[in-house]
Structure formats: C-alpha cells, structure tokens
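Q: Mind looking at a prediction? Sequence and model below.
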Amino acid sequence: MRAHRAAPPAARAAPVGCCSRGAAARRRRRPAAAPAGAAGPVTDSGQQQGDPLAAVYVDARAEPPPFLGPVAAVHLPGKGRGLVATSALVPGQLLLVSPPLALVRCEMGNIPDHDALLDAVVSGAARFTPWTAAWLTALAATTDDDGNPAAPPTGGAPARAPAAVPPMLPPPGEPEAGGVGFDELRPGMTLEQLWAAIVLNCYGEGYQDLPATLAAGPDAALSGHLGLWGPFSLLNHACCPNAVAYTLRDAMVVRAAAAVAEGEELCINYLGRGALEPLAQRQANLDASYGFTCTCARCVDEAAAAGAAAPSGASLGELLAGLVDAVPAWDERLAQLLGGGARDGPGADDGESAAGAATQPDRAGLAQLAAELQARWRDVDGAAAAAGGGDAAAAARLRAWTGASAFDLLGLLHEAQAGAGQPAGATLDAVLRVCEQVCPGSDLHVFEAVRRLAAAQAAPGGADDGAPAARAASDALARAVVARYGPALLHGDGALARLVAASVEACHMVRL
C-alpha cells in the first residue's frame with residue numbers, strides 16, 4: 001500500500017465539470033467470477049489458454065467477469081502490503097479483473113477531478129455492497145482520522161506473511177450496485193480518511209483501453225473516468241514495472257507485462273508518462289504525490305551509474321540532468337523549424353513566395369538540429385554502455401533504462417530526422433527497445449510498435465511482407481499486443497488481427 005500526503009478536503013481545488021454517474025445508475029448482477037486459474041494453464045510454450053477476456057475484447061455486449069490469477073497479498077518489508085506472484089508468469093498472463101468500488105465519468109479525453117469522485121461517494125450516488133464497502137473501509141484504514149499515514153503496528157508482520165485484506169473477489173451473485181451509502185459507512189471512516197483513500201488509490205484515464213474498446217465494435221462507449229478498485233490498490237510502484245493495468249468497460253484489468261518469477265513482487269507504474277523522465281524528476285514526483293523514495297532496480301542502477309563518463313567527458317548524471325532544461329528549448333526550436341525558416345533561391349524577396357515558404361519546414365535547420373540531438377543521444381547511450389562494464393546483459397538493461405530517462409530526446413530526434421527527410425529507423429528501434437524494457441504492455445508500447453511498423457512498411461521495399469525490417473516490426477507489434485491483451489490471442493479466431501487493427505486506429509486518435 002502506498003504512503004501519501006493528502007491535503008484535507010478544505011484545501012482542494014474546485015471540481016471540474018464532468019458527466020458523472022454513480023454506481024447506482026445500473027443495478028445488475030455481475031458476471032460470474034472466474035475462479036483462480038480459470039483462465040487455463042500456461043503451456044510449455046508460454047501460452048495461456050481460455051482467457052476469460054478474449055471475448056470481451058471483441059464484443060461490446062460482453063462484460064468482464066471478476067477474476068483472480070496466481071497472485072497473493074503479502075506484507076513486504078518497508079512497503080506494507082503488496083502483491084506477489086504465486087507461480088512463474090509469462091508476458092500477458094491475466095492476473096486480476098476487478099470491478100470498481102466507485103467510478104465517475106466525463107467526456108472522452110478528460111479525467112474527472114478528485115472532487116467528483118468524492119462527491120459521488122459522499123452524496124450517496126455511489127452505493128456499496130458488503131464487498132465494496134469492506135474494500136473502501138480497508139483503504140481508509142491505512143490513514144489516521146486526519147487522513148495522515150497511520151503508524152505501522154508495533155512488531156510488524158513477518159516478511160511475505162499473508163496480508164489481512166478483504167476477499168480479492170466479490171462473492172458469487174453479489175449485485176454490482178446497491179447497498180449502503182457513505183452515511184452508513186461514516187461511523188468508521190472520517191471525511192479526511194475518505195479523501196486520502198481517493199487521492200492515494202484512485203486511477204483515472206481520458207478513455208478506457210482504446211484499442212480494446214475500438215475492437216469491441218461501435219456499441220462500446222468511450223469516456224474519461226476516475227475510480228477506485230480495491231485489490232488493484234495493493235500494487236506497489238516501480239519505474240521498471242513488470243505488470244500493466246488498464247480499464248476495460250468499468251473493470252480494472254491487470255496482466256503480467258514481463259516474465260515474472262514465483263514469489264517476485266508485482267509492480268505497476270504510478271507516474272504514467274512521468275516514468276520516462278530522469279531519476280531526480282521521478283523521485284521528486286513520487287515524493288510529492290505519494291511520500292516515498294523509489295528503490296526499484298532501475299532507480300538503484302541509474303543512481304549507481306550517474307558518474308559514468310560519456311564520450312564527451314561529461315558524466316551520465318550530468319547529461320540526463322541537463323535534459324530537463326535542454327528539451328524545452330529543443331522542442332521550441334523544432335517547432336519553429338517545422339513551421340518555416342530560411343529561404344533561398346529565386347523569389348526569396350517575393351511576398352507571395354514568402355507567404356508560402358512560411359509554412360514549409362527548414363530542412364537544413366532540421367538536419368543540423370538532428371545532428372546535435374544525435375550527438376547528445378550517442379553521448380548518453382555511450383555512457384550507459386560504459387557503466388555496464390563487461391556484463392552485456394547489465395549494459396543492455398542500463399542502456400534501455402537510461403534511454404527511458406532520455407525518452408523526450410529520442411522523440412525530438414525522430415521528429416527532426418523525419419522533418420529533414422533522413423532515415424529514422426534506428427531511432428525508432430531505440431524507442432521501441434525502451435518501451436519493451438521500461439513500459440512493456442503499456443499503450444505507449446503498443447502505439448510505438450505501430451509507428452515502427454508503419455515506418456518499416458513505408459521504407460523502400462518495406463511493403464513486401466517478407467522484408468526483414470517489416471517482418472521484425474510486425475513481430476514486435478504482435479509481442480506488444482500480446483503483452484497487453486494476453487497470449488490467448490494467438491489462438492483466437494482473428495482476435496489478434498482485430499486488436500492490431502484497432503491499435504493502428506487508436507494510434508491515429510492520440511498524440512504520442
């Protein structure tokens with residue numbers, strides 16, 4: 001469970017407008033919960049059979065059934081409660097499908113304010129069944145009456161001992177909505193505790209999982225949302241997560257995003273796009289929002305490698321810290337070069353020609369910027385490689401993690417190269433390697449894999465399905481989609497192709 005620093009309700013900003021509706025808007029029974037392991041065995045080839053979400057991804061009428069995979073809630077030293085794998089996991093393996101405790105919505109592209117969720121609970125619009133009430137009470141109990149982190153019990157629990165939490169799945173047949181309101185829960189929960197539980201544990205996005213929603217057909221609705229999901233809140237953070245979470249309809253879906261060993265802790269990314277920032281920025285954001293210092297493998301290794309020398313002589317830490325100020329300046333320069341720049345040749349003084357040239361990119365300037373960005377990237381990447389020493393695996397991992405901290409640099413380099421008409425395949429390959437190592441199974445991973453495939457197919461000879469670059473990019477996209485939506489897609493009747501097509505459509509709808 002996460003530590004936090006929550007402001008009291010009186011200090012909160014005014015709520016933003018949203019089209020919220022409480023859980024009581026619909027009263028129906030949940031689909032029968034799939035028992036633990038019901039997704040089927042994982043075969044020797046690493047393929048999970050019978051994924052209960054396979055039909056949900058391609059049918060808007062299907063509802064995600066609650067599901068619990070091979071995970072357990074335990075006490076973790078220095079962290080409190082967390083989730084660990086109870087068996088070895090493969091990328092894409094389904095771990096959890098959980099209905100919300102409370103949920104508010106708004107138009108697609110926006111995220112409701114915390115106040116909207118608080119209002120839904122306090123006003124009684126959100127109603128709580130025994131299971132959802134137990135989880136809301138458990139989340140609030142991690143703080144004192146003023147909403148501050150509660151002191152841990154004296155003595156503590158043995159490391160990896162089972163954690164005392166409500167059941168991970170709702171009882172069979174329990175209605176999805178209905179039950180008691182906050183007034184009935186309030187004797188055991190203060191408003192400050194409720195606010196802290198929301199700030200600490202809520203999850204919001206501008207849309208439900210976009211490719212899965214598009215693949216389900218035109219009847220699937222898209223909306224921004226903010227909600228609480230009980231078992232999901234047990235997941236701790238890592239800047240190199242091994243699990244991925246997203247909403248499908250109203251349910252929270254959690255999958256393994258990488259190979260996970262039995263007993264290994266499962267972690268997600270709390271920072272979203274902020275995980276693709278240098279170490280100091282990530283740590284500052286986590287401290288400000290959650291009150292803890294991350295000690296994940298990526299943070300530890302990046303801190304240890306900060307003194308590694310780059311080819312230019314600067315240290316890796318200095319190079320990454322310098323990006324904080326350099327990236328905005330480069331971004332502004334790139335925008336100017338893409339929007340128009342120096343003109344030469346006949347008609348340079350002609351007003352009409354000048355007006356037309358103002359919308360044309362300055363290719364010479366873009367090529368120069370690309371060269372500068374390329375030099376900086378080689379410096380960063382070279383320092384990371386040197387820090388890995390003679391351990392090839394450690395060097396590759398550190399290069400990917402460092403590339404994540406320099407992700408904005410890579411993005412600007414690609415844009416400058418594309419604007420200058422230069423080949424950008426190597427840069428896109430570096431971007432994709434970062435996604436595979438640092439945010440596997442994320443929507444960004446899928447979208448960057450889509451972009452890499454499009455670039456490979458647009459290259460000379462790339463339209464041929466047998467072209468090596470196009471084939472490699474197609475395989476990379478399939479891996480990204482399987483990591484996000486499960487290996488059962490490999491056995492589905494066109495489900496993988498449908499989700500890949502929906503991912504391409506979704507990529508065009510969002511701005512990376």
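A: Cool, the structure landed. Residues are numbered from 1 along each chain as shown.

Q: so what does the host helix or strand of Leu118 touch, helix or strand wise?
A: Leu118 is part of helix 114-122, with elements assigned from DSSP states H and E. Counting contacts by 3 or more CB pairs under 8 Å, 6 or more residues apart in numbering; DSSP states H and E, helix 114-122 packs against strand 102-106, helix 191-201, strand 224-228. Bear in mind the C-beta positions are built from the backbone N, C-alpha and C, glycine included.

Q: Dump the ones you listed into a markdown table; add mean neighbour count as well.
A: Conversion of the helices and strands packed on helix 114-122 to a markdown table gives the following (neighbours: other CB atoms under 10 Å):
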| stretch | mean neighbour count |
| --- | --- |
| strand 102-106 | 24 |
| helix 191-201 | 23 |
| strand 224-228 | 24 |
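
Q: Where among these is average confidence lowest?
A: For the helices and strands packed on helix 114-122, the stretch scoring lowest in mean pLDDT is helix 191-201; its value is a mean of 91.

Q: Tell me what angle that helix forms with strand 102-106.
A: 70 degrees (axes from the mean of the first three to the mean of the last three CA atoms, to 10 degrees).

Q: on that earlier part again, the helices and strands packed on helix 114-122: which one's closest to Ala308?
A: Of all the helices and strands packed on helix 114-122, the one in closest proximity to Ala308, counting by CB to CB, is helix 191-201 (35.9 Å).

Q: Pro167 against Trp131, yeah?
A: Yes. With contact taken as CB atoms under 8 Å, Pro167 and Trp131 are classed as touching, separated by 6.8 Å.

Q: Pick out whichever of the two has more residues nearby.
A: More neighbours sit around Trp131 than around the other of Pro167 and Trp131, counting by other CB atoms under 10 Å; the figures are 21 against 13.

Q: Tell me if I am right that that one is in a strand.
A: No. Applying DSSP: H, G, I helix; E, B strand; the rest coil, one finds Trp131 to be helix, outside a strand.

Q: pLDDT score assigned to the nearest residue to it once chain neighbours are set aside?
A: What sits nearest to Trp131 in space, not counting adjacent residues and going by CB to CB, 6 or more residues apart in numbering, is Pro170, at 4.2 Å. Reported pLDDT at Pro170 in the predicted model: 92.

Q: burial of Pro170, as a residue count?
A: Other residues lying near Pro170 total 22 when counted by other CB under 10 Å.

Q: Same check on Pro218?
A: By other CB under 10 Å, the residues close to Pro218 number 7.

Q: wait, what's in contact with it?
A: Neighbouring residues of Pro218 by CB atoms under 8 Å, 6 or more residues apart in numbering: Ala60.

Q: Distance to Ala393 added to the helices and strands packed on helix 114-122, as a markdown table?
A: As requested, those are exported to a markdown table (distance: least, CB to CB, whole Å):
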| stretch | distance to Ala393 |
| --- | --- |
| strand 102-106 | 42 |
| helix 191-201 | 35 |
| strand 224-228 | 39 |
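
Q: among those, which is nearest Cys296?
A: Cys296 sits nearest to helix 191-201 of all those, at 18.9 Å, using CB to CB.

Q: which strands and helices sit next to the closest one?
A: Using 3+ CB pairs under 8 Å, 6+ apart as the contact definition, the elements that helix 191-201 packs against are helix 114-122, helix 130-140, strand 224-228.

Q: winner for burial among these?
A: Each of the helices and strands packed on helix 191-201 was assessed for mean neighbour count using mean count of other CB atoms under 10 Å. The highest is strand 224-228, with a mean of 24.

Q: just checking, next helix/strand downstream of that strand?
A: Along the chain past strand 224-228, the next helix or strand (assigned with DSSP H and E) turns out to be strand 236-237.

Q: Past that next one, which element shows up next along the chain?
A: Proceeding C-terminally, strand 236-237 gives way to strand 243-248 as the next helix or strand, assigned by DSSP H and E.

Q: follow-up on the earlier one: okay but the residue nearest to Trp131 is in contact with Phe128, surely?
A: No. Checked against CB under 8 Å, the pair Pro170 and Phe128 is beyond contact range at 11.5 Å.

Q: For Tyr484, which residues are in contact?
A: Quick fix: residue 484 reads Arg, not Tyr. In this structure, Arg484 makes contact with Gly92, Pro211, Val244, Tyr246, Arg255, Ala257, Gly441, Ser442, Asp443, His445, Val446, judged by CB under 8 Å, 6+ apart.
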